[in-house]
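# structure for this input, please:
(chains A, B, C and D)
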There are 2 protein chains.
Amino acid sequence: MGMTAMFSDKDASSLLRQHDINPTPQRIRITALLKSKCVHMSAEDVYLAINRKGKYLVSKATVYNTLGLLSQHGVVREVIADPGKVFYDPNTEPHHHFFDVTTGELVDIDASRVRVTGLPALPPGATFEGVEIIVRLRSPKDK
Amino acid sequence: MGMTAMFSDKDASSLLRQHDINPTPQRIRITALLKSKCVHMSAEDVYLAINRKGKYLVSKATVYNTLGLLSQHGVVREVIADPGKVFYDPNTEPHHHFFDVTTGELVDIDASRVRVTGLPALPPGATFEGVEIIVRLRSPKDK
DNA sequence: CTTAATGCAAAGGCTTTGCAGAGAC
DNA sequence: GTCTCTGCAAAGCCTTTGCATTAAG
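Numbering: from 1, shown residues only, chains lettered A, B, ... in the order given. Now for the predicted structure:
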């Protein structure tokens, strides 16, 4: 069973090249962070995770610019579930999400067992960008 | 055929009372606006629609407070589709949405023909808040 | 008079932008 | 030298909050 998905800087670098992105040190770090920790992170999360321990490595502007770039090129996926901030998901395979309105946490739902039928055709001329199912739930202990 | 869904201030008033909300003039106006125009509006949209024509009727703070209140009490539904602003949907029946990333426009998808199967059970203790399917699309003419 | 709702302005959070400086070739 | 990327700070939305004013019973 499965190898743990390690994600080295080298992996990040070649992934970026595959997506026609110039692999700068900052982009490599952000990509490696997201792809190795397989969790959903906001821009702030990424910024803090990269610059923790007193080492300053990437500015906030670059974090935002890079996350936008990675989304546009399909390296990561934006998830709009929390009013007020965007999550970035390293998993670009089709899948859906639970969103906990109490904690603001996002949890993957494997799409392989989920089936959606009966969606109408797109308006004429429109191109498909993606489908997302979000199941909103409330944690216990929420007053 | 059918009657056009008119929505008077009186209707709004009794709807608010049904949901245990004290029907103040501002709340009545906002409710009547959303329920008569059956479209998705942001807080800003509501604010502008109510205060147009030079008549000043409701402050922005009250618009935000009221929309939050209406959502909490199930009079309208929040739709999180646009990163950066919340839409309020007068339709509280189960249904889904197209979101046009070019124009920022939200269009209803009738849920009666849509079927979703295979969703996993909620985490233990969690209470269900809602499901939303958002189909993202891009308009033609987007450069 | 007491309680609730409104409105203004200020503050707050997330994100984008302008532009100077640093880096790559 | 040219082109690209980065980083800082400022600015921009959208939204929330504090608090005085007004309305309701």
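# helices of chain A, start to end?
All helices of chain A, identified by DSSP state H, fall at A:9-18, A:25-36, A:43-51, A:60-72.
# just name the most buried of those helices.
Highest mean neighbour count of the helices of chain A: helix A:25-36, a mean of 20 (counted as mean count of other C-beta atoms under 10 Å in any protein chain shown). (Glycine included, C-beta is placed from N, CA and C.)
# columns mean pLDDT on top of the helices of chain A, output as JSON lines?
As requested, the helices of chain A are exported to JSON lines (pLDDT from 0 to 100):
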{"stretch": "helix A:9-18", "mean pLDDT": "96"}
{"stretch": "helix A:25-36", "mean pLDDT": "96"}
{"stretch": "helix A:43-51", "mean pLDDT": "96"}
{"stretch": "helix A:60-72", "mean pLDDT": "98"}
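# closest one to residue B:16 among those helices?
Proximity to residue B:16, assessed across the helices of chain A by C-beta to C-beta, is greatest for helix A:43-51 (37.7 Å).
# that closest one to helix A:25-36, inter-axis angle?
Orientation check (axes from the mean of the first three to the mean of the last three C-alpha atoms, to 10 degrees): helix A:43-51 against helix A:25-36 gives 110 degrees.
# coming back round to it: using TSV, lay out the helices of chain A together with distance to residue B:64.
Compiled in TSV, the helices of chain A are given as follows (distance: least, C-beta to C-beta, whole Å):
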stretch	distance to residue B:64
helix A:9-18	41
helix A:25-36	33
helix A:43-51	23
helix A:60-72	26
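# what sits against the nearest residue to residue A:114 once chain neighbours are set aside?
The shortest distance from residue A:114 to any non-neighbouring residue, by C-beta to C-beta, 6 or more residues apart in numbering or on different chains, is to residue B:118 (4.3 Å). Counting by C-beta atoms under 8 Å, 6 or more residues apart in numbering or on different chains, residue B:118 touches A:113, A:114, A:115.
# go on, residue A:123?
Contacts for residue A:123 (C-beta under 8 Å, 6+ apart) come out as B:98, B:107, B:137.
# and chain B, is the lengthiest strand in chain A touching that?
When chain A is parsed with DSSP state E, its longest strand is strand A:127-138. Yes: residues of strand A:127-138 are located near chain B by C-beta under 8 Å from any C-beta of the partner chain, namely A:127, A:128, A:129, A:130, A:131, A:132, A:133, A:134, A:135, A:136, A:137, A:138.
# just list whatever residues bridge to the residue nearest in space to the middle of chain A.
Among the residues of chain A, the one closest to the centroid is residue A:89, at 1.5 Å (C-alpha atoms, centre = their mean). Beta-bridge pairing of residue A:89 under DSSP bridges involves residue A:77.
# got a list of what it touches?
So residue A:89 contacts A:40, A:76, A:77, A:78, A:79, A:106 (C-beta under 8 Å, 6+ apart).
# how deep is the second one tucked in, by neighbour count?
It stands for residue A:76. 24 (other C-beta atoms under 10 Å in any protein chain shown).
# quick one: it and DNA strand C, what's the gap?
Separation of residue A:76 from DNA strand C (C-beta to the nearest atom of the strand, to the nearest Å): 13 Å.
# ditto for the fifth one
For residue A:79, the distance to DNA strand C under the criterion C-beta to the nearest atom of the strand works out to 10 Å.
# in contact with that residue, which residues?
Counting by C-beta under 8 Å, 6+ apart, residue A:79 touches A:40, A:86, A:87, A:88, A:89, A:97, A:106, A:132.
# which residue comes closest to residue A:80 once chain neighbours are left out?
What sits nearest to residue A:80 in space, not counting adjacent residues and going by C-beta to C-beta, 6+ apart, is residue B:83, at 5.1 Å.
# so how many other residues sit close to that neighbour?
15.
# go on, residue A:101?
For residue A:101, the neighbour count with other C-beta under 10 Å is 17.
# right, and it touches residue A:136 too?
Yes: under the criterion of C-beta atoms under 8 Å, residue A:101 makes contact with residue A:136 at 5.7 Å.
# now do the shared contacts for the two.
Common contacts of residue A:101 and residue A:136 (C-beta under 8 Å, 6+ apart): residue B:129.
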